[in-house]
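J.: Have a look; sequence and predicted model below, questions after that.
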Amino acid sequence: MHIASGFLSPPVWGTMAAVSGAALAGSLAVAGQRLDERKVPLMGVMGAFVFAAQMVNFPVLPGTSGHLGGGFMLGILLGAPLGIIVMASILVVQSLVFQDGGIEALGANIFCMGVIPCLLGAAIRRLWVRRNVRVLADVVTVVGGVVGVLAGATVVILLLSWSGSLPGSVSLVQALGVMNLVHLFIGIVEGLVSVAVIRFVVTMRREAVFGPLAAAAPQEATP
């Protein structure tokens, strides 16, 4: 889903740089006030995991492939502010070092792959705090992973359309249809991988993930 150089017009990438810059500044301000020291190692480990996972592509449809986004999962494990910070760091390194995503498109890529999925993940974070709704948390996470990927893919097409970068023979509806079909399968993988990773991390480091909320969470019912 990384947007490469030359696909966005200056007004579009400038607008997205301002939007993502504001989101990142707000996240840094919140993190500076609320950061739990126990989350710092978790941020590093999860950031490294997502960075590595994005390097692994899997086949989707003939001639297409996809990779894990990770922003949705980070939103659940770290909350939106820390998730956005970690995703922005990953995307900056990918753009500057690996040329994966254009530098001028960095704001758009952070918004589509970081801000949107991290906010969605944070919205269902409290489900994972509760020990007695694990099945519901699993289902909502899979659905949320799909929604997060499709939302980001949709915004990418809208930005390309706004920039006038869609081929003349392809309508906006056609572009959205193809993009979302491919990313539907990617979203399903995103949701399933997110459930597996979140279950493992929460089992191993529950206090680091949820902090004070973990102690106050309802316990599983015993027969």
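T.: That came through, no problem.
J.: From here on, just use CA atoms for contacts and neighbour counts.
T.: Noted.
J.: Give me the buried positions along the top helix by length along the chain.
T.: Scanning the chain for the longest helix, with DSSP state H as the assignment, gives helix 172-210. If you call a residue buried by 16 or more other CA atoms under 10 Å, then helix 172-210 has these buried ones: 175-176, 179-195, 198, 202, 206, 208-210.
J.: Looking at Phe98 now. What's its pLDDT?
T.: Listed pLDDT for Phe98 reads 86.
J.: Run through the chain and note the low-pLDDT ranges.
T.: Residues of the chain that meet the criterion pLDDT under 70 lie in 1, 61-65, 212-223.
J.: mind running it again at 80?
T.: 1, 34, 36, 57-66, 131-132, 211-223 (pLDDT under 80).
J.: Quickly note the distance from the residue nearest the centre of the chain to Ala122.
T.: By CA atoms, centre = their mean, the mean C-alpha position of the chain lies nearest to Gly71, the distance being 1.9 Å. Separation of Gly71 from Ala122 (CA to CA, to the nearest Å) stands at 10 Å.
J.: Which residue ranges of the protein form strands?
T.: Under the criterion DSSP state E, the chain carries strands at the ranges 58-59, 65-66.
J.: and those strands as JSON lines, adding distance to Arg134 and mean neighbour count?
T.: Below are the strands of the chain laid out as JSON lines (distance: least, CA to CA, whole Å; neighbours: other CA atoms under 10 Å):
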{"stretch": "strand 58-59", "distance to Arg134": "28", "mean neighbour count": "12"}
{"stretch": "strand 65-66", "distance to Arg134": "28", "mean neighbour count": "18"}
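J.: Sketch out the helices for the protein, chain order is fine.
T.: Using DSSP H, helices in the chain cover 10-34, 39-53, 71-78, 80-98, 106-110, 116-123, 125-129, 134-163, 172-210, 212-216.
J.: Looking at those helices, which is nearest to Pro59?
T.: helix 172-210 (9.3 Å; CA to CA).
J.: Please name the residues that touch the residue nearest to Val142 when sequence neighbours are not counted.
T.: The spatially closest residue to Val142, leaving aside those adjacent along the chain, is Gly191, at 3.8 Å (CA to CA, 6 or more residues apart in numbering). By CA atoms under 8 Å, 6 or more residues apart in numbering, the contact set of Gly191 is Thr141, Val142, Val143, Gly144, Gly145, Val146.
J.: Centre of the chain to the longest helix of the chain, how far?
T.: 8 Å (CA atoms, centre = their mean, to the nearest Å).
J.: and that helix with helix 134-163, angle?
T.: Put simply, helix 172-210 runs at 140 degrees to helix 134-163, going by axes from the mean of the first three to the mean of the last three CA atoms, to 10 degrees.
J.: and the angle for helix 172-210 with helix 71-78?
T.: Going by the same axes, to 10 degrees, helix 172-210 makes 20 degrees with helix 71-78.
J.: one step back: any idea which of the strands of the chain gets closest to Gly44?
T.: Smallest distance to Gly44 across those (CA to CA): 23.8 Å, for strand 65-66.
J.: which residues touch Phe210?
T.: By CA under 8 Å, 6+ apart, the contact list for Phe210 reads Leu77, Val129.
J.: Grab the nearest non-local neighbour of Asp78.
T.: Careful, residue 78 is Leu and not Asp. Leaving aside its sequence neighbours, Leu78 sits nearest to Val209 (CA to CA, 6+ apart; 6.5 Å).
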